[in-house]
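Asker: got a structure for you, letters missing:
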């Protein structure tokens, strides 16, 4: 009987080790394939020049530029809004109040909504409702805001990443010890002064990581910007909020499906994927480092 | 007899439906040290926290009766709780420095009161740290993090931080319970010095400490005020049997 047990035990250990190794293997294979496929094309010039020859050659600078701009505008919208929501939830709302529970439910639901739905929502709400409304009200119906652009795409993306910001900031606010709030209040500070001088500075790490995680998510998502502002190809960089933009993720999709010769653009696809991966990896790594460092500091 | 600084009348406090303080009436005289003693959970800390309305922060707390500070009922709707807390400072059991420099910790209170002039702040910080007997130890590293101080130093810095707001009353919630004997002695010495100018109310677990530092002692048990009087009398010839039993260590 004992040998039987030893065998089942051994099999189980083997199975868990295999699953664990499989995951590592997937990542390594993924990286190796991408690097081999893209390394020829990847160069400084590739990063800094426009696509040429009907996107069969050249670089991806407008896509990088558009992606960076997208996540910047997105952060400007999502971070303050998310932080304020988190502050309200943790500091002002009663834990069991209907409003607080509704907000929490909404945040959780928002986090599970498929990203394409955000794209459709952005199209319906920002472009058709807000944008067209603005055109009708201020421009006499002349088409300017009622069409896809970087502003609507960024705001749509902001909605998608809002839960990430809210959850990170909330978590950070909760780690600010009650003793510190009490100390501040006992010195005659108002609740708002305590939040401003003690709670928010104490939650910096959370706000920072929330922002970076949101940015990294926003940089990688394509579905929300499909209908709301991403362009197939643009000869110029966006200069106004009402301009369309190119985007790394969308660029990969275009190259892989819409290109005149998919096989010929393969190296560009690999190199673009490399850039996108590099970007999101770096962002995530920065988030991890900042979080670790600030946690150490607060200890 | 000195003037009465704090007066409570039939003060009861409930956590939800549970009564934590039962009809406490007590007079705390000005510029003396009043100690609250009693076993854990007897309500002495809760009572202390009603005196600067720190219990307001707990949603389920309900209070009946009156607390008069300088003859004003602090639970009156017209009382500004922020001003009250400036007048009634508090030092906590666990030293709770902000993750800022020593200077910024002490300057915190004055800053929220709108004092931003550097020279004025420097004066206040120096004066407060001197009053808390910690100036000599920290004067060369005012801009270092307060987290680098020892436990006892942190606690004296927290006292300095309280003093910087210029309160009239200082509530101390077991201020030395987490400290070593030498740091404790320093805090006690400090209390002795501070009572010349401040009314001090201290909660302590340590009976010897109550006997050493206080002029008056109140003994609490199960949310009731059992006995209140001159410390000397409470510790030598208490009126109530309960008090005697607690002080002599027969229960606690």
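Answerer: Yes, it's here. Every value quoted in this text rests on a predicted model; they were computed, and no experiment measured them.

Asker: Next to chain B, which bits of the stretch 51-200 of chain A? Give me the list.
Answerer: Within the stretch 51-200 of chain A, the positions adjacent to chain B are A:94, A:177, A:179-190, A:193, A:197-198 by CB under 8 Å from any CB of the partner chain. Just so you know, the C-beta spots here come from the backbone N, C-alpha and C atoms, and that holds for glycine as well.

Asker: burial of residue B:152, as a residue count?
Answerer: If you count neighbours by other CB atoms under 10 Å in any protein chain shown, residue B:152 ends up with 21.

Asker: Get me the contact residues on chain B for chain A.
Answerer: Going by CB under 8 Å from any CB, the residues of chain B near chain A are B:52, B:54, B:57, B:59, B:82-83, B:85-86, B:89-90, B:92, B:94, B:96, B:98-99, B:108-109, B:112-113, B:158, B:161-162, B:165.

Asker: what are the ranges of the helices in chain B?
Answerer: B:44-50, B:81-87, B:102-112, B:118-131, B:135-138, B:151-163, B:181-194, B:207-213, B:231-236, B:241-247 (DSSP state H).

Asker: re the thing from before, buried ones among the residues of the stretch 51-200 of chain A next to chain B?
Answerer: A:180-189, A:193, A:197-198 (16 or more other CB atoms under 10 Å in any protein chain shown).

Asker: Any chance of these in a markdown table with pLDDT as columns?
Answerer: Formatted as a markdown table, these follow (pLDDT from 0 to 100):
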| residue | pLDDT |
| --- | --- |
| A:180 | 94 |
| A:181 | 93 |
| A:182 | 93 |
| A:183 | 95 |
| A:184 | 96 |
| A:185 | 95 |
| A:186 | 95 |
| A:187 | 95 |
| A:188 | 93 |
| A:189 | 94 |
| A:193 | 95 |
| A:197 | 94 |
| A:198 | 94 |
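
Asker: now for these, which pair is the farthest apart?
Answerer: The span of these, defined through CB to CB, is set by A:180 and A:188 at 15.0 Å.

Asker: Tell me how far the spatially most central residue of chain B lies from residue A:186.
Answerer: Nearest to the mean C-alpha position of chain B, counting by CA atoms, centre = their mean, stands residue B:171 at 1.6 Å. Residue B:171 sits at a distance of 8 Å from residue A:186 (criterion: CB to CB, to the nearest Å).

Asker: what residues do these two have in common as contacts?
Answerer: Contact criterion CB atoms under 8 Å, 6 or more residues apart in numbering or on different chains; residues shared by residue B:171 and residue A:186: B:52, B:89, B:90.

Asker: and the nearest residue to the last one once chain neighbours are set aside, what is it in contact with?
Answerer: Going back to what we said before, that points to residue B:90. Nearest non-adjacent residue to residue B:90, counting by CB to CB, 6 or more residues apart in numbering or on different chains: residue A:186, 4.0 Å away. With contact set as CB under 8 Å, 6+ apart, residue A:186 has these partners: B:52, B:54, B:85, B:89, B:90, B:92, B:162.

Asker: Surely residue B:229 is in contact with residue B:215?
Answerer: No. Counting by CB atoms under 8 Å, residue B:229 stays clear of residue B:215, with 10.3 Å between them.

Asker: Let's test this: mean pLDDT of stretch B:192-200, rounded?
Answerer: Average pLDDT, stretch B:192-200: 94.

Asker: Figure out how far that stretch is from the centre of its chain.
Answerer: Counting by CA atoms, centre = their mean, to the nearest Å, stretch B:192-200 is centred 11 Å from the centre of its parent chain.

Asker: okay, how far is it across that stretch, tip to tip?
Answerer: 10 Å (CA to CA, to the nearest Å).

Asker: Give the PyMOL command for selecting the buried subset of the residues of chain B next to chain A.
Answerer: Applying 16+ other CB under 10 Å to those, the buried members can be selected in PyMOL as follows:
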select buried, chain B and resi 52+54+82+85+86+89+90+92+94+96+98+99+108+109+112+113+158+161+162+165
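
Asker: so who does the closest residue to chain B within the stretch 1-150 of chain A touch?
Answerer: Closest to chain B within the stretch 1-150 of chain A is residue A:94: 6.5 Å, counting by CB to the nearest CB. Neighbouring residues of residue A:94 by CB under 8 Å, 6+ apart: A:100, B:59.

Asker: can you give me the strands in the stretch 101-250 of chain A?
Answerer: Taking DSSP state E, counting those that start in this stretch as the test, none of the stretch 101-250 of chain A falls into strands.

Asker: Can you name the residues in contact with the lowest-mean-pLDDT helix or strand in chain B?
Answerer: Sorting the helices and strands of chain B by mean pLDDT, DSSP states H and E puts helix B:241-247 at the bottom, at a mean of 89. Contact with helix B:241-247 is made by B:37-39, B:207, B:219, B:221, B:226-227, B:234-235, B:238, B:251-252, as judged by CB under 8 Å, 6+ apart.

Asker: Enumerate the positions of that helix that are buried.
Answerer: So for helix B:241-247, counting by 16+ other CB under 10 Å, buried means B:242, B:243, B:244, B:246, B:247.

Asker: Sort out which one of those lies nearest residue A:268 for me.
Answerer: Using CB to CB, those come closest to residue A:268 at residue B:246, 83.3 Å.

Asker: follow-up on the earlier one: and the shared contacts of residue B:171 and residue A:186 as a markdown table, adding distance to residue A:227 and pLDDT?
Answerer: Compiled in a markdown table, the shared contacts of residue B:171 and residue A:186 are given as follows (distance: CB to CB, whole Å; pLDDT from 0 to 100):
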| residue | distance to residue A:227 | pLDDT |
| --- | --- | --- |
| B:52 | 57 | 94 |
| B:89 | 59 | 95 |
| B:90 | 57 | 95 |
